[in-house]
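> Below are the sequence and a predicted model; questions follow.
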Amino acid sequence: MVKRIAVLPGDGIGREVMDGAVRVLKAVSDCFGHDFKYTEGLIGGAAIDAAGTPLPKATLDVCKESDAILLGAVGGPKWADVSPNIRPEKGLLAIRKALGLFANLRPVTAYSQLINASPLKKEIIENVDLLIVRELTGGIYFGEPSERRGKNKEIAVDTLLYDKEEVHRIVEKAFQFAQARSKKLTSVDKANVLESSRMWREVVDAVSAGYPDVKVEHMLVDSAAMKLIQSPEDFDVIVTENMFGDILSDEASIIAGSLGMLPSASLRSDNVGLYEPVHGSAPDIAGENKANPLAMMLSAAMMLRHSFQMEKEALAVENAVSAVLNEGCHTADLNIPSGHCVGTDEMIQKVVEHI
Ligand code: NAI
Ligand code: MG
């Protein structure tokens, strides 16, 4: 059966790393005999330049007709002065919201080959393999009102709002992942201060009744931030609301040695998903063949796994990435004194050859 994939390269290094994802998927479809159909769309700054909006209707239509979406990255200094409601990043928020992609998965793995690329001690990170499940379409990033008030706009308001159903669906997803992994779930909140967090806890406790073999712990976000660096291997699946998840997942990225290694998926209940690297458009290195394409390629592997149920194929990509790292091959962002530093294009070629 044909799988339709929307390809949204975006801005900066987005296009360079997207090239890696598409080449890797072509290798997968050749080896495993699949039929993937790619349709490109504009998003972010590129879309503002061409169509005056960060998410043109044509792009949204392509996404709605696809089984999965690959996204590079959006934004950059070129669009620093556009009005706030058409910023490149708005395109990303809008697509998540329009497609109802409420479950953001961010796996963090400490690759043994990169163990010295992290500023954290080897003993602390060597066994880390965790999954952050972040709520993506609610909370303070979307709550209304969000505005300035007062005669001189001296008051600023944002609203942290959740309804029970929004919490329920993300918590349910997290329990499913915990069940399939090591049966341990940490729910992160700020229940000592926030009403929304107290409701979050109620929902977690209610859902947990349906998963008697999953061990659940509640943790306050400040404490979680500390433990994530102190003893990250104690975590398996972490579930949390939008803003806490945003912050904790960037913190956890330090474990993997570089932002250039971190993939992500944003899913809804029917397994349609958007897959993108955690990093941004890296304007400082854009166009220089320096970007690490592995996060984008590993995002494509997540697409194979979560949207297409192609586990063997996903593993083929992940194993190819690991094999290339085993050869000592790395891009400049990975702080590895020994080994062989290559550009984006050569890195992509190596992974493709391994597949
Ligand atoms: P960034 O993630 O683009 O870059 C941070 C640092 O990491 C830079 O030094 C960059 O060179 C490096 N880096 C990032 N990805 C890399 C890769 N694959 N290989 C090698 N080095 C890599 O974050 P920054 O600089 O804060 O934001 C730049 C632009 O990207 C902004 O406009 C921001 O709004 C946007 N952004 C977009 C995101 C998205 O599309 N999901 C996420 C984060 C930022
Ligand atoms: Mg972030």
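Received it, and whenever you're ready, just let me know what you need. Ligands and ions are numbered 1, 2, ... in the order given.

> Now do the contacts for the residue in the stretch 101-250 of the chain positioned nearest to ligand 1.
Distances between the stretch 101-250 of the chain and ligand 1 by C-beta to the nearest ligand atom are smallest at residue 250, namely 9.1 Å. Every C-beta, even on glycine, is put in place using the N, C-alpha and C of the backbone. With contact set as C-beta atoms under 8 Å, 6 or more residues apart in numbering, residue 250 has these partners: residue 278.

> Could you check which helix or strand contains it?
Using DSSP states H and E, residue 250 sits within helix 242-252.

> again with residue 174
helix 164-180.

> Tell me the residues of the chain that contact ligand 1?
13, 17, 73-76, 89, 92, 259-260, 276, 279-285, 291-292, 295, 333 (C-beta under 6 Å from any ligand atom).

> can you give me the angle the helix holding residue 174 makes with helix 242-252?
30 degrees (axes from the mean of the first three to the mean of the last three C-alpha atoms, to 10 degrees).

> List the buried residues for helix 164-180?
166, 167, 169, 170, 171, 172, 173, 174, 175, 177, 178 (16 or more other C-beta atoms under 10 Å).

> Tell me which residues touch the last one, please.
Read it as residue 178. 184, 185, 211, 214, 236, 237.

> cool, the second one as well?
With contact taken as C-beta under 8 Å, 6+ apart, residue 167 is in contact with 135, 199, 200, 203, 241.

> Farthest-apart pair in the residues you listed, please.
135 and 199 (12.6 Å; C-beta to C-beta).

> got any residues that touch both of these two?
With C-beta under 8 Å, 6+ apart, residue 135 and residue 199 have common neighbours 162, 167.

> Give me the more crowded residue out of these two.
Each of residue 135 and residue 199 has its neighbours counted (other C-beta atoms under 10 Å); residue 135 has more, 26 against 16.

> does that one have beta-bridge partners, and which?
Under DSSP bridges, the beta-bridge partners of residue 135 are residue 103.

> mind checking the SS state of the single nearest residue of the stretch 201-350 of the chain relative to ligand 1?
Nearest residue of the stretch 201-350 of the chain to ligand 1: residue 280, at 2.4 Å (C-beta to the nearest ligand atom). Here residue 280 is coil, with the state taken from DSSP: H, G, I helix; E, B strand; the rest coil.

> Which residue is the nearest non-sequential neighbour of it?
Spatial nearest neighbour of residue 280, chain neighbours left out: residue 73 (5.0 Å); criterion: C-beta to C-beta, 6 or more residues apart in numbering.

> One more: residue 75?
residue 88 (4.3 Å).

> I'd like the distance between that neighbour and residue 20.
Going from residue 88 to residue 20 by C-beta to C-beta, to the nearest Å gives 21 Å.

> Likewise for residue 307?
Distance, residue 307 to residue 20, by C-beta to C-beta: 18 Å.

> So which of these two has more stuff around it?
Neighbours were counted for residue 307 and for residue 20 using other C-beta under 10 Å; residue 20 has more, 25 against 22.

> Point out the other helices and strands that the helix or strand containing that one packs with.
According to DSSP H and E, residue 20 maps onto helix 14-32. On a contact count with 3 or more C-beta pairs under 8 Å, 6 or more residues apart in numbering; DSSP states H and E, helix 14-32 meets strand 2-10, strand 35-40, strand 68-73, helix 294-306, helix 311-326, helix 344-354.

> Counting neighbours, what do you get for the residue nearest to residue 316 when sequence neighbours are not counted?
Distances taken as C-beta to C-beta, 6+ apart place residue 355 nearest to residue 316, at 5.6 Å, with adjacent residues excluded. Burial of residue 355 is recorded as 21 neighbouring residues (other C-beta under 10 Å).

> Just checking the distance from stretch 327-340 to the centre of its chain.
23 Å (C-alpha atoms, centre = their mean, to the nearest Å).

> Same question for stretch 90-108.
Counting by C-alpha atoms, centre = their mean, stretch 90-108 comes out at 9 Å from the chain centroid.

> what does stretch 265-285 give?
5 Å.

> Over to stretch 224-243?
16 Å.

> Equivalent analysis for stretch 194-207, please.
Distance, centroid of stretch 194-207 to centroid of chain: 24 Å (C-alpha atoms, centre = their mean).

> Ok, stretch 69-81 next?
Taking mean C-alpha positions (C-alpha atoms, centre = their mean), stretch 69-81 and its chain are 15 Å apart.

> Can you give me the buried ones in that stretch?
69, 70, 71, 72, 73, 74, 75, 76, 78, 79.

> separation between the last one and residue 41?
Residue 79 sits 18 Å away from residue 41, taking C-beta to C-beta as the criterion.

> try the first one
As judged by C-beta to C-beta, residue 69 and residue 41 stand 9 Å apart.

> can you list residues touching both of those two?
6, 8, 63.

> Could you export those residues as TSV, including neighbour count?
Shown next, in TSV, are the shared contacts of residue 69 and residue 41 (neighbours: other C-beta atoms under 10 Å):
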residue	neighbour count
6	24
8	29
63	23
